[in-house]
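Enquirer: how does the following fold in three dimensions:
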Amino acid sequence: MNWDENIWLGIVAGEGLLLLIVLIWVIALTSRLSKLRKSHRKLVGETGVTQLEDVLDVLHHRLGEVESKQSHQDNRFLQQDKRLTALKGRVGVHRFNAFSDQGSDLSFSIAIVNDEQDGVVITGIHSREQAFLYAKPLDKGQSAYMLSPEEKTAITQAMQKE
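Expert: Residues are numbered from 1 along each chain as shown. As a prediction, this is how the structure comes out:
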């Protein structure tokens, strides 16, 4: 009988040891599962979707929307940039004495140009009895009409401004 008790005691001890090993293994798996759940929550975030494939689908859809909006914004930016360069925003003023025998610098040339040097140059010539006003269109810094040195100076001054 003693031998049967030793066998049963060995079997119970073995089962106890096996149960202890399984318990430790379950605790370790529970810990890993908890970490995995935290990682899953972090990955899924506030999307309200539980399946990872669905989350990826939602994120892919949102990424497509963001790319579409970015493309639209890039196009608008290019349009605005082209529009800004076409504006006649640079102004150069050059005053001069048109007639050496009279007064002071009452004559002037004003150039209003954009980045491509398109615009207009306006010249006012003042004499004792009368004043003359001339306007010349500019295309790439050149005009169909002959430009005076004073008008060229006004254009150069306008182009040097930021």
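Enquirer: which positions in stretch 138-145 come out as buried?
Expert: 138, 141, 143 (16 or more other Cβ atoms under 10 Å). Using the backbone N, CA and C atoms, a C-beta is placed for each residue, glycine as well.
Enquirer: now, which of these lie within strands?
Expert: Using DSSP state E to define strands, the subset of those located there is L138.
Enquirer: pLDDT and distance to F96 added to the buried residues of stretch 138-145, as a markdown table?
Expert: Shown next, in a markdown table, are those (pLDDT from 0 to 100; distance: Cβ to Cβ, whole Å):
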| residue | pLDDT | distance to F96 |
| --- | --- | --- |
| L138 | 94 | 19 |
| G141 | 83 | 20 |
| S143 | 91 | 18 |
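Enquirer: from the buried residues of stretch 138-145, pick the one nearest Q160.
Expert: When the buried residues of stretch 138-145 are compared for distance to Q160 (Cβ to Cβ), G141 wins out at 12.7 Å.
Enquirer: got the phi and psi for the closest one?
Expert: Per-residue torsions, G141: phi 80, psi 0 (degrees, to the nearest 10).
Enquirer: quick one: contacts for it?
Expert: Residues near G141 by Cβ atoms under 8 Å, 6 or more residues apart in numbering: 113, 117, 155, 159.
Enquirer: residues near the last one, how many?
Expert: Think M159. Neighbourhood size, M159 [other Cβ atoms under 10 Å]: 15.
Enquirer: how about the helices in the protein?
Expert: 2-44, 52-86, 149-160 (DSSP state H).
Enquirer: the last one - contacts with which helices or strands?
Expert: Contact analysis of helix 149-160 by 3 or more Cβ pairs under 8 Å, 6 or more residues apart in numbering; DSSP states H and E lists strand 90-96, strand 107-113, strand 119-126 as its packing neighbours.
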